[in-house]
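S.K.: Just the structure for this:
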Amino acid sequence: GGALVSPTVQRVGDTPPGPAGAMRGVILAVTGVAVIIAMASLVLMQQTESVSGLQYQRSVVDEAALRRRRVAALQPSVHAGDGVQAPKEAISPVPHTSSTQVGSESPRPSEEPAPRAACAAALDRPFLEAVWSDQREVIVTFANAGGLDMALNVWANARAGGVRHVAMAGMDVGALEGLAAAGVPCFPMRDAATSKAEKIGWGGAAFRNLGVRKITLLIDLLELGADVVLMDADTVLLQDPLPFLRRWPDADILASTDHLVNSTATHGLEALHAAHSHWNIGFFFIRSRARHFAHAWRDLQIRKPHWWDQHSFGFLLRQGVNGNGTVRGNGGPNGLGWDLTGDKSGLSDPLLFRAFTNASLVVGTLSVVKFGNGHTSFVQRLPWKFGVAPYFVHATHQYSGSPGKRHRIREAGFWHDPPAHYDPPGGLLYAPLHLPDSVLRPTSPEGKPLFSMQRDFLDKTYNHSQHPSLLAHFNLAHVQVRHIRDAVALAWLTGRKLVLPPLACGFDRGPFPSMGKSGETTYQDLPMYPCPLDYVFDLDRKSSGPFPALLEVAREYSLLNNSRMPREVLASTLRLGALPPGSTGESLKQDWASHKLVELGQVPPAFGPGSLLSEEQQQNYKRSLQGFTDVWCCVEPPRWGEAGHILYDALFDLVPHKDRFNRGGRVRGTSSLATSLPGAEVRTAGSALPLGAVKALGVRVDRCRTAGRGRGRVHNLGRAGWVWLCAPMPSGQRNGRATLFS
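M.R.: Numbering: from 1, shown residues only. Coordinates of the predicted model:
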């Protein structure tokens, strides 16, 4: 059956007297992620317990300090068996970071903030003076009722990390009520009383309108004299960034970036020649003296309502930068054609540069390690590879919309869930997944690893349906999809929540054709282990029929490693190699009733002989699985108008086979990605898959132009630098683009 081995499941104990008690004071001085980092120095103080075959460690440290950070949750459980060893990518606790490196920048608050009965009636100077630092700095985020849980999670992490000068703007009445109930210093955004709660998806009208409201909020703060950190709510604030930002007193704007590569050994500002990706306004710092920029930004956004506010932010700053974005220069934000190596006289750091009209502002790009995006932090895991405590993580570079964002944060252990998430009424089911080396790390007949960068993926003439590396990737993915599919059925049948195993992926996923990973992501190892769940599964898909959606029945792979996991749950564990003969859903409920956690080595199949589901339940489950998985992107298509994406298939092993469009046999279309990929569907454009079918996939569809009638092209949205793969639609329909990136 294989025992569950949790190398670093951190547990909490009381702080003893003597030397350990003195150590408590040191630990309390270390903030955020550094608390867990410091635990590496306490190995000699740890004692190991074994409960029902589950091995975990009890760390003799202060409980409140430990629960401030969950970095250990990033390390997946690794299971011995079938030749699998701990992958190189598995994250181990990084070396101790001293309090002088982090703690001195982020002092712990002396007392908890007083509960609030209501938000402020309006944003005014007295409100700010009660919140901002002694240097008039304030950290602000905003949310509507639909994103309230994200804002409250930002608040929970901020308090755990000792971040004091935080305020939140409610966009509607529901958000204001929720923020006030949680004791958050809060105030209404303009027009909050008349705003309705709505889902704000990327790229839509509500998203574009939010841009103007957000900039207006920024102007209101700057005009009141505040230096502002403005951040999105789909983020994690791990420790106080203000002392770090004060290192550059001459900087008017310091912004995070979508860049995927670390370019500096100091993890301060990114190097000018390397950080040529978009600035990301999900986190940026702007001083009150730069409020004229904010006014110009809002004016431009009003004149160009179809522009992305992040696009207009970069567009304005580049007005004072040499270059035109087309001729290759010395690098810089938003393109290699911008020269940032100009006059550095009077600047405190050569990595700062002058920008905006008449070069009137001083700007810098924040480290992708300390102020990470969703790829550098959650996929490449750069902070933990470098042993650096991050200040901030943004849930970008991910899929499945808001559910994908929440799950990424949960996988990292940074989502503050209620106790029932860890100890659900029906109990937990865990089914370890054993991957043989031949599947996890396949090699060619010459002994070369198949999971490596593949230039053939960008070759239009290559028959990708026979590419051995692509076949190996889908073989790896579908082995895991089948295991999770079957385990979900058993969890549903027994009324339990399934603790997912960590995924492994042969290749990275992106919004456009690549060689299996970006050529710049030098720290991205292949295969990827663990791989984000949203890389393979559609987490935004709602339930269908009697069967719940995946996230309604499943828990993140890191759950058992989370220090919030109650000790009594792990202590109440039943380990089984396989189910007893003649088992049914009801009999298993009774047999397992006294155990909070069941670890099962062999999961029965959901379909066919051995299934515990009735024939009717099997048919219903098949229908619900049609939207269970997502898409892998992608290889270069042979012709414009065709897509290079390949759909994962949760029913790939069933014969006779029907795809999610209820089609059997060969998939229609002319793409070279034929159905020889094991269990994969090919999504082609044009008459093979009309716009309505694309919408049925749960993929957001907008409009875009194409070059010529009946042809598609890669359409670059001007200086935004955002590339979409456009494809022709059938007669009578406009051309469409499928946005695959959140």
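S.K.: quick one: contacts for the nearest residue to residue 133 once chain neighbours are set aside?
M.R.: Closest residue in space to residue 133, ignoring its immediate chain neighbours: residue 165 at 4.8 Å, by C-beta to C-beta, 6 or more residues apart in numbering. To be clear about C-beta, it is placed using only N, CA and C from the backbone, and glycine gets the same treatment. Taking C-beta atoms under 8 Å, 6 or more residues apart in numbering as the contact definition, residue 165 lies against 131, 132, 133, 137, 138, 139, 240, 242.
S.K.: Return the distance of the last one relative to residue 628.
M.R.: Read that as residue 242. 44 Å (C-beta to C-beta, to the nearest Å).
S.K.: repeat for the second one
M.R.: According to C-beta to C-beta, residue 132 and residue 628 sit 48 Å apart.
S.K.: The third one too?
M.R.: From residue 133 over to residue 628 the distance is 48 Å, taken as C-beta to C-beta.
S.K.: neighbour count winner among those two?
M.R.: residue 628 (24 against 16; other C-beta atoms under 10 Å).
S.K.: wait, isn't that one in contact with residue 550?
M.R.: Yes. Counting by C-beta atoms under 8 Å, residue 550 is a contact partner of residue 628 at 6.7 Å.
S.K.: Which neighbours do those two have in common?
M.R.: What both residue 628 and residue 550 touch, as defined by C-beta under 8 Å, 6+ apart, is the set 537, 538, 541.
S.K.: Which positions within the biggest helix by length in the chain qualify as buried?
M.R.: Longest helix in the chain by number of residues (criterion: DSSP state H): helix 468-494. Buried residues in helix 468-494, counted by 16 or more other C-beta atoms under 10 Å: 469-494.
S.K.: what's downstream of that helix, the next helix or strand?
M.R.: With elements assigned by DSSP states H and E, the helix or strand that comes after helix 468-494 is strand 497-499.
S.K.: Which other helices and strands does that next one contact?
M.R.: Here strand 497-499 touches strand 428-430, helix 468-494, strand 554-555, going by 3 or more C-beta pairs under 8 Å, 6 or more residues apart in numbering; DSSP states H and E.
S.K.: and of those, who's closest to residue 181?
M.R.: Proximity to residue 181 (C-beta to C-beta) singles out strand 554-555 among these, at 26.3 Å.
S.K.: That closest one: partners in the sheet, and parallel or antiparallel?
M.R.: strand 497-499 (parallel) (DSSP bridges).
S.K.: Pull the residues that contact the partner strand.
M.R.: With C-beta under 8 Å, 6+ apart, strand 497-499 has contacts from 424, 426-431, 484, 487-488, 490-491, 553-557, 559-560.
S.K.: Mind checking which of the residues you listed are buried?
M.R.: 427-431, 484, 487-488, 490-491, 553-557, 559-560.
S.K.: Ends of stretch 417-435, what's the gap?
M.R.: Using C-alpha to C-alpha, to the nearest Å, the end-to-end distance of stretch 417-435 comes out at 30 Å.
S.K.: got it, and stretch 631-647?
M.R.: End-to-end distance for stretch 631-647, by C-alpha to C-alpha: 4 Å.
S.K.: Next: stretch 297-312.
M.R.: 7 Å.
S.K.: Sort out which residues of it are buried, please.
M.R.: Neighbour count says stretch 297-312 has 297, 298, 300, 301, 307, 308, 309, 310, 311, 312 buried, by 16+ other C-beta under 10 Å.
S.K.: How about the second one, nearest residue that isn't a chain neighbour?
M.R.: To tie it back to what came earlier, the one meant is residue 298. Once flanking residues are discounted, residue 298 sits nearest to residue 215: 4.3 Å by C-beta to C-beta, 6+ apart.
S.K.: Please identify the buried residues of the strand or helix carrying the one you found?
M.R.: Assigned by DSSP H and E, residue 215 belongs to helix 205-223. Of all the residues in helix 205-223, those buried under the rule 16+ other C-beta under 10 Å are 208, 210-211, 213-222.
S.K.: Does anything pack onto that helix? Which helices or strands?
M.R.: Where contact means 3+ C-beta pairs under 8 Å, 6+ apart, helix 205-223 is packed against strand 137-143, strand 227-231, helix 291-303, helix 309-317.
S.K.: go again using 6 Å as the cut-off
M.R.: The criterion is 3 or more C-beta pairs under 6 Å, 6 or more residues apart in numbering; DSSP states H and E, and the helices and strands that helix 205-223 contacts are helix 291-303.
S.K.: Is residue 458 in contact with residue 635, as I believe?
M.R.: No. Residue 458 is beyond contact range of residue 635, at 7.4 Å (criterion: C-beta atoms under 6 Å).
S.K.: of the shared contacts of residue 628 and residue 550, closest to residue 623?
M.R.: For the shared contacts of residue 628 and residue 550, the nearest to residue 623 is residue 541 (12.3 Å; C-beta to C-beta).
S.K.: Tell me the pLDDT of the nearest residue to the closest one once chain neighbours are set aside.
M.R.: Using C-beta to C-beta, 6+ apart and skipping residues adjacent in sequence, the residue nearest residue 541 is residue 627, 4.2 Å away. Predicted confidence (pLDDT) for residue 627: 84.
S.K.: ok, residue 627 - how many residues close by?
M.R.: 20.
S.K.: what number of residues lie near the residue lying closest to residue 147 once chain neighbours are set aside?
M.R.: Spatial nearest neighbour of residue 147, excluding adjacent residues (C-beta to C-beta, 6+ apart): residue 233 at 5.1 Å. Close neighbours of residue 233, defined as other C-beta under 10 Å, add up to 22.
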